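Asks: generate a structure from the sequence data that follows.
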Amino acid sequence: MVPGNPEPEAARRRWATTAREYLVAVTEAVERLGKMFEMEPETPPETDEAVASQVVTACSSLSGWLNSSHPPRGFAKAGGELGAAAGVYRNAAVAFRSLADVDGDQRQARSTACATLLEQGDHHVETFVAVLAKKLGDAVP
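Replies: Predicted coordinates:
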């Protein structure tokens, strides 16, 4: 048996490491947003804005990196899931930010949308982690 070329494997591992670093920034910001979302409406609007902005910034950074650093061969699904998570979480932050602008039924609809988007983003992250672990043949923290 001929051993595989170590270069593609090293490139995959580098991409995975960088992807995880960007994802950590996103998930930490989303975790803060989730806590604030649970506290609504007690949260002051300026806090809402700051937390939502952190999520948007982290998601934009991740999306920018994905656009400039295409996933290595065999990692397209992982890259797609990561990009989907960034987009969905960004939309959740926008919905969260807009809660202060509406009342009644509109507020309830946006709150429901925010909760749904957060769950959908979590699903994309879980899928990304599972795909990455399978492709790399190891456990992904």
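Asks: just how off-centre is the host helix or strand of Ala11 within its chain?
Replies: Here Ala11 sits within helix 6-39, counting by DSSP states H and E. Distance of helix 6-39 from its chain centroid, counting by CA atoms, centre = their mean, to the nearest Å, is 7 Å.
Asks: same check, this time on stretch 110-121
Replies: 13 Å.
Asks: likewise stretch 59-72?
Replies: Here stretch 59-72 is found 12 Å from its chain centre; the criterion is CA atoms, centre = their mean.
Asks: in that stretch, what's buried?
Replies: For stretch 59-72, burial by neighbour count (16 or more other CB atoms under 10 Å) applies to 59, 62-63, 65-66, 71-72. From N, CA and C alone the C-beta is placed, and that goes for glycine too.
Asks: can you list the residues that contact it?
Replies: The contact list for stretch 59-72 (CB atoms under 8 Å, 6 or more residues apart in numbering) reads 8, 11-12, 15, 18, 22-23, 25-26, 78-79, 82-83, 86-87, 89-90, 93.
Asks: mind pulling up the pLDDT for Thr116?
Replies: pLDDT, Thr116: 96.
Asks: what's the burial count for it?
Replies: For Thr116, the count of nearby residues is 14 (other CB atoms under 10 Å).
Asks: who's in contact with it?
Replies: Counting by CB under 8 Å, 6+ apart, Thr116 has no contacts.
Asks: re the thing from before, PyMOL command for the buried members of the contacts of stretch 59-72?
Replies: Here is the PyMOL selection string for the buried members of the contacts of stretch 59-72, based on 16+ other CB under 10 Å:
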select buried, resi 12+15+22+23+25+26+78+79+82+83+86+87+89+90+93
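Asks: fine, thanks again, bye for now.
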